[in-house]
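> 3D, please:
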Amino acid sequence: MLAPIDKISDAAGRLAGWMFFVIGIFIVYEVVARYVFLSPTVWSEELSRFLQIWATYLAAAHVLRRRQLIAIDIIVRASGPRLRRWCESLALLVIIIFCLVAVYFGAGIAIDSIRIGRASSSMLAVPSWLTELAIPIGFGLLLLQAVTELIRTLGGSTDISASHH
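Okay, the predicted model is just below:
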């Protein structure tokens, strides 16, 4: 049951990595167009921002799977395995609760944008829901991975002091 969620998180992480790569290409293109050819684009900045938002939210579950979220663990690292497991479980529960809230309200905002036809104020006028949908999807993936990691932690099948890979 846990392996498919890991695979989804890894696939989302790879997709995010490619999105960041494309952002780099867009930015290089924009710099050359603007400063070499004196012909800036109307799309580069907005599409880069769009991809950055999606890549960031898509990468979150993958980062949790690899246990590379930012953490202050100086006290936990110095404690015994029982306290480490308890602290890890508590942290995962906080992540799960936050994800539930973000998915609920994020989906509501995206649905509202679809309903009223909200769009960006740029020349491209990208529908807002295309960006806003990254929040419930990204946090939904993070929620699934956090539940997976909690199951592993409670089952004792993970070493929280080291990453998975």
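> which residues does stretch 6-20 contact?
For stretch 6-20, contacts defined as CB atoms under 8 Å, 6 or more residues apart in numbering pick out 51-52, 54-56, 58-59, 61-65, 141, 144-145, 148. Heads up, the C-betas are built off the backbone N, CA and C, glycines and all.
> shaky segments in this structure?
For the chain, applying pLDDT under 70 flags the ranges 157-165.
> show me how far the longest helix seen in it is from its chain's centre.
If you go by DSSP state H, the chain has its longest helix at helix 81-116. Put simply, helix 81-116 sits 12 Å off its chain's centre (CA atoms, centre = their mean, to the nearest Å).
> what is that helix packed up against?
On a contact count with 3 or more CB pairs under 8 Å, 6 or more residues apart in numbering; DSSP states H and E, helix 81-116 meets helix 74-77, helix 128-132, helix 134-155.
> of all the ones you listed, which one comes closest to Ala33?
helix 128-132 (23.6 Å; CB to CB).
> what's that closest one packed up against?
Counting by 3+ CB pairs under 8 Å, 6+ apart, helix 128-132 packs on helix 44-65, helix 81-116.
> spatially central residue in the chain, please.
Note on the chain: the residue nearest the mean C-alpha position is Tyr57, at 2.3 Å, using CA atoms, centre = their mean.
> from what I see, it and Leu143 are in contact.
No. Between Tyr57 and Leu143 there is no contact under CB atoms under 8 Å: 11.9 Å.
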